[in-house]
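Enquirer: just a sequence and a predicted model for now, questions to come.
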Amino acid sequence: MKNKKSLNFFIPKKENTIGQWLSEEGISAGFPSPADDFKEVRISLDRELVKNKEATFYARVSGDSMIGAGLEDGDLLIIDRSLNPENRKIAVCLVDGEFTVKRIKKIKKTFYLIPENKKYSPIEITEENELTIWGIVVYVIKKV
Amino acid sequence: MFALVDCNNFYASCERVFNPKLIGKPIAILSNNDGCVISRSNEAKSLGIPMGAPAFKYDSVFKKHNVHVFSSNFPLYGDMSSRVMSILSSYTPNIEIYSIDEAFLEFRGFDNYDLEEYGKEMQNKILKWTGIPVSIGFAPTKALAKVANRISKKFDKKTKGVYAIESKEKREKALKWLKIEDVWGIGFKHSERLKSYNINRAYDFIKLPDKWVRNQMSVVGLRLKKELEGQSVLSLEEHRSPKKAIATTRSFEKNLTKFEDLKERISTFSILCSEKLRVQKSSCNSIYVFVKSNRHQKNKLQYRNGIVMTLPYGSNSSITISKYAVEGLKKIYKKNIEYKKAGVIVMGLIPNNRTQLNIFEKENPKHQILMKTLDLITKKEGPSKIKLASQDLKKIWKMKQTKLTKRYTTEFNEIILLK
């Protein structure tokens, strides 16, 4: 019997304790804190924005070719390599060995890399080009 | 079933993930201090650059064939390795991380699985998520998994990097192919001796009588024979036992003659050793300190010496260890020698909770608290922010790493730029 379904083992997370509540069990005097029964784990950007830490990488935007999509020079990008490329996604692409971040668009059987700035024209991927999708941009973080 | 997963040309592959222009080009990665070649891309291998090639000797080859040469970027390789290992551990709970780029996996109760299919799935996932290509060998024993991995790599056009030795026929075919010197765990000496008895292939080896193997190669050799016969005797070492000794040794970029200079180095090496001791929660009982002159400079005075210093009590305090190491250096230091290399090795390691007490002397208990604080600061602020006074604060000793790439995954200021 051949079975192609994969098993997934989940390893418990070993997070460090910074940013978590310390419960003071041994308080002997005074009233116990009324918040003790309601304590929750503090918000963590890492937990929220990084869904898949083995496949997550960071990059910085250089230039203004994607300004229309909100990617400005110096912005931080969170890239997830585990996601599959889909039409209209913003992706980190490799065209002939060069890194570039663009929106991918598929029209019929042709792929285009679309910049979000009128100053630049779309790149059509022809048979001579080699295109690899390196990863999918999932978040943009900017300093205000 | 066991699997051996091995990252292909690991260091070169890591560099390629972040520098895609290197795909298809020859790459050589150099050891600490840019001494010799420790990793090569396939293209560099086919140029005839051997493993361990001294960089200065191959300079003209590098230039002639446009080989891309890099210093080793261990922060990057370490992070990429932990990503790969973490993905692997989602496939089976039983994993032994054998080295930075290799892991043994054990699959129990996977009889109904098509392992080669499963292997391909693992391989694809690792490549997609991390960009690192891996080869996988499946077999009923660890030693055979190593063989299967070798086959998967050697015949990658056919195997696509995944191969399983799951039948008797495949096992015998593999062993008839495998040269004796390539068998995992058979060293140079044994393979030379076996060859003198006309045992040239792994298959010849398993035809030897058990008794002979045991007599000639001890129980270790016999275990290996059983493994190659398909009988699993080596189990996964999931929990590495703490190291028995820890060493920090370095060649200097320039020769050192002055005691003060050497003292600074020895002190720094002791501190590095102490940090490693504290990480594995051990203490040491003795320290070996050594110095060496440059044996390649035949016209210069030659000298090499080492000394074992015994501590009055087990310790992992940077202060104590560096104090005794420097005392050792005082005893072996000789004037007018140009020293090229020195090192500190801490030995007689014992877990912290089992250190012996000494009636007459003991370490100042403040050391423990101080070291804890030091380690915390190092963890938060990076290494070398706080030093002992025996370390020179002005001088910056750096490993010679002239062709270092960026730490793309561990340092925010060094992440990739995208246009």
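Expert: Noted; the coordinates are in hand.
Enquirer: rest of the way, CA atoms for contacts and neighbours
Expert: Noted.
Enquirer: tell me the mean pLDDT over stretch B:190-199?
Expert: Averaging pLDDT along stretch B:190-199 gives 92.
Enquirer: can you tell me the SS state at residue B:343?
Expert: Here residue B:343 takes the strand state, with states given by DSSP: H, G, I helix; E, B strand; the rest coil.
Enquirer: repeat that for residue B:148.
Expert: helix.
Enquirer: burial of residue 52, as a residue count?
Expert: No chain specified, so I'll use chain A. 15 (other C-alpha atoms under 10 Å in any protein chain shown).
Enquirer: that's the other chain; I wanted chain B
Expert: 13.
Enquirer: grab the nearest non-local neighbour of it.
Expert: Nearest non-adjacent residue to residue B:52, counting by C-alpha to C-alpha, 6 or more residues apart in numbering or on different chains: residue B:37, 4.8 Å away.
Enquirer: what residues does the stretch 301-419 of chain B have near chain A?
Expert: B:409, B:415-419 (C-alpha under 8 Å from any C-alpha of the partner chain).
Enquirer: can I get the buried part of those as one ChimeraX selection?
Expert: A single ChimeraX command selects the buried members of these (16 or more other C-alpha atoms under 10 Å in any protein chain shown):
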select /B:409,415,416,417,418,419
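Enquirer: how about the residues of the stretch 301-419 of chain B next to chain A in a markdown table, adding secondary structure and pLDDT?
Expert: Below are these laid out as a markdown table (DSSP: H, G, I helix; E, B strand; the rest coil; pLDDT from 0 to 100):
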| residue | secondary structure | pLDDT |
| --- | --- | --- |
| B:409 | coil | 90 |
| B:415 | coil | 91 |
| B:416 | strand | 90 |
| B:417 | strand | 90 |
| B:418 | strand | 89 |
| B:419 | coil | 88 |
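Enquirer: any chance of the residues of the stretch 301-419 of chain B next to chain A in JSON lines with distance to residue B:200 as columns?
Expert: Formatted as JSON lines, these follow (distance: C-alpha to C-alpha, whole Å):
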{"residue": "B:409", "distance to residue B:200": "45"}
{"residue": "B:415", "distance to residue B:200": "50"}
{"residue": "B:416", "distance to residue B:200": "50"}
{"residue": "B:417", "distance to residue B:200": "53"}
{"residue": "B:418", "distance to residue B:200": "54"}
{"residue": "B:419", "distance to residue B:200": "56"}
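Enquirer: tell me the one of the residues of the stretch 301-419 of chain B next to chain A nearest residue B:5?
Expert: Nearest to residue B:5 among those: residue B:409, at 22.7 Å, using C-alpha to C-alpha.
Enquirer: next one: phi and psi at the closest one?
Expert: For residue B:409, the backbone dihedrals are phi -120, psi 0 (criterion: degrees, to the nearest 10).
Enquirer: that one and residue A:55 touch, don't they?
Expert: No - using C-alpha atoms under 8 Å, residue B:409 makes no contact with residue A:55, being 11.1 Å away.
Enquirer: helices of chain A, start to end?
Expert: A:45-49 (DSSP state H).
Enquirer: in three-state terms, label the one residue in the stretch 101-250 of chain B that gets nearest to chain A for me.
Expert: Closest approach between the stretch 101-250 of chain B and chain A, counting by C-alpha to the nearest C-alpha: residue B:129, at 4.6 Å. Recorded secondary structure, residue B:129: helix (three-state DSSP).
Enquirer: contacts for the helix or strand hosting the residue nearest to residue B:52 next, please.
Expert: Using DSSP states H and E, residue B:37 falls within strand B:37-40. Outside strand B:37-40, the residues within contact range by C-alpha atoms under 8 Å, 6 or more residues apart in numbering or on different chains are B:9-12, B:26-31, B:50-55.
Enquirer: one more time with 7 Å
Expert: B:9, B:11-12, B:27-31, B:51-55 (C-alpha atoms under 7 Å, 6 or more residues apart in numbering or on different chains).
Enquirer: would you turn the residues you listed into JSON lines with distance to residue B:265, secondary structure and pLDDT?
Expert: Formatted as JSON lines, these follow (distance: C-alpha to C-alpha, whole Å; DSSP: H, G, I helix; E, B strand; the rest coil; pLDDT from 0 to 100):
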{"residue": "B:9", "distance to residue B:265": "33", "secondary structure": "coil", "pLDDT": "94"}
{"residue": "B:11", "distance to residue B:265": "28", "secondary structure": "helix", "pLDDT": "95"}
{"residue": "B:12", "distance to residue B:265": "31", "secondary structure": "helix", "pLDDT": "95"}
{"residue": "B:27", "distance to residue B:265": "32", "secondary structure": "strand", "pLDDT": "96"}
{"residue": "B:28", "distance to residue B:265": "29", "secondary structure": "strand", "pLDDT": "95"}
{"residue": "B:29", "distance to residue B:265": "26", "secondary structure": "strand", "pLDDT": "94"}
{"residue": "B:30", "distance to residue B:265": "23", "secondary structure": "strand", "pLDDT": "91"}
{"residue": "B:31", "distance to residue B:265": "20", "secondary structure": "coil", "pLDDT": "82"}
{"residue": "B:51", "distance to residue B:265": "29", "secondary structure": "coil", "pLDDT": "89"}
{"residue": "B:52", "distance to residue B:265": "26", "secondary structure": "coil", "pLDDT": "85"}
{"residue": "B:53", "distance to residue B:265": "27", "secondary structure": "coil", "pLDDT": "86"}
{"residue": "B:54", "distance to residue B:265": "24", "secondary structure": "strand", "pLDDT": "85"}
{"residue": "B:55", "distance to residue B:265": "25", "secondary structure": "helix", "pLDDT": "87"}
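Enquirer: now the residues you listed: which count as buried?
Expert: By neighbour count, with 16+ other C-alpha under 10 Å, these hold B:9, B:11-12, B:27-31, B:54-55 as buried.
Enquirer: out of the residues you listed, which touch chain A?
Expert: Residues of the buried ones among the contacts of strand B:37-40 in contact with chain A (C-alpha under 7 Å from any C-alpha of the partner chain): none.
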